[in-house]
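Q: 3D model of this:
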Amino acid sequence: MQQRSLGHRTVSAIGLGGMPMSIEGRPDTERSVATIHAALEAGVTLIDTADAYHLHADEVGHNEELIASALRSWGGDVSDVLIATKGGHLRPGDGSWTKDGRPEYLKTAAKASAQRLGVDAIGLYQFHRPDPAVPYADSVGAVAELLDEGVIQMAGISNADVAQIDEARSVLGGRLVSVQNQFSPAFRSSLGELQHCAELGIAFLPWSPLGGISNAGELASRHAAFQQVADAHGVSVYQVTLAWELALAPVVLPIPGASRPTSIQDSARAADLVLSADDVAALSAA
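A: Numbers count the residues shown, from 1 in each chain. Modelled structure (predicted):
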């Protein structure tokens, strides 16, 4: 599988987003573990999670624990697998989302995530979402302290605009390695952030790269050009979508969510799908 750089690590160009395995409509544990194992067997070495990927209030970190368990039970070598997790976005258990960017909270949350993942230091820790009640520099400053203390190995941010990317780079002293924003054929408002990351050499991780859990099935009907290119290549529209995103810049690493082995197996094949310049231009203009 095609590889890409993320900070000081080299990882698969396509990652696995763990959220669908832990929120509403989640599969049973057996199928979730099978999905993670299928990703590993397909060559995926980047798995994205968050402490907020859970359903009930008393199961914070559900997805982190699920991934850690699946890695332990897999028979292969997982030493090159990078687990990226996030903190600062919470689910009280009633279906809503809240934010907590307080430095003291983020530092406590990161240490709890490390314990759930069973690691001495988290490979990549990302500030999940800006908290309007806390100065952005203060929240990112906590992430910088986690780096300095060795609790995390690399630092990233999520749901950030260009100004916040620049502010985070400054606060982190140039140690920002990734930005995770929503981006898909239906949601392109983060294109400016993607391009900014490309100019800076910072990894850009599109979340919901296929349009999200409820919209991925409508890719073909809503974006005819993507289906046309898929038909021409004899592959799924999902592979074409991910390959298009990869073609936009060498810093892009999509992290499609999956809750079935067949889904991540199909997505992983996008890493080796080569689109022509005309294909990319047509999809970008669609």
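Q: Which secondary structure elements does the helix or strand bottoming out on mean pLDDT in the chain sit against?
A: Lowest by mean pLDDT, DSSP states H and E among the helices and strands of the chain is helix 219-222, with a mean of 80. In terms of contacts (3 or more CB pairs under 8 Å, 6 or more residues apart in numbering; DSSP states H and E), helix 219-222 is packed against helix 224-233, helix 237-248. No exception for glycine: its C-beta is placed from N, CA and C like everyone else's.
Q: so which of those comes closest to Lys107?
A: helix 237-248 (33.0 Å; CB to CB).
Q: rewinding a little: give me the distance between the least confident helix or strand of the chain and the centre of its chain.
A: 23 Å (CA atoms, centre = their mean, to the nearest Å).
Q: which of the helices and strands packed on helix 219-222 is buried the deepest?
A: helix 237-248 (a mean of 24; mean count of other CB atoms under 10 Å).
Q: what helices or strands is it leaning on?
A: Checking 3+ CB pairs under 8 Å, 6+ apart, helix 237-248 ends up next to helix 219-222, helix 224-233, helix 261-268, helix 277-285.
Q: Give me the neighbour count for Val235.
A: Other residues near Val235 number 16, with proximity taken as other CB atoms under 10 Å.
Q: Name all residues that make contact with it.
A: Val235 makes contact with 269, 273 under the criterion CB atoms under 8 Å, 6 or more residues apart in numbering.
Q: same thing but at 7 Å, please
A: Listed by CB atoms under 7 Å, 6 or more residues apart in numbering, the contact set of Val235 reads Leu273.
Q: just to revisit the earlier point, which of the helices and strands packed on helix 219-222 sits closest to Val33?
A: Nearest to Val33, of all those, is helix 237-248, at 22.2 Å by CB to CB.
Q: pLDDT on the host helix or strand of Ala68, on average?
A: Element membership of Ala68, judged by DSSP states H and E, is helix 62-73. Mean pLDDT, helix 62-73: 98.
Q: ok, residues contacting that helix?
A: Helix 62-73 has contacts (CB under 7 Å, 6+ apart) with 18-19, 21-22, 32-33, 36-37, 47, 49-51, 53-54, 78, 81, 83, 85, 113, 116-118.
Q: Going by neighbour count, which of those residues are buried?
A: For the contacts of helix 62-73, a burial check counting by 16 or more other CB atoms under 10 Å picks out 18-19, 21-22, 32-33, 36-37, 47, 49-51, 53-54, 81, 83, 85, 113, 116-117.
Q: Check which residues of the least confident helix or strand of the chain are buried.
A: Neighbour counts over helix 219-222 (16+ other CB under 10 Å) mark 219-220 as buried.
Q: And stretch 160-173, by the same measure?
A: In stretch 160-173, counting by 16+ other CB under 10 Å, buried: 160-161, 164-165, 167-169, 171-172.
Q: right, and the pair among those residues with maximum separation?
A: Asp161 and Leu172 (16.5 Å).
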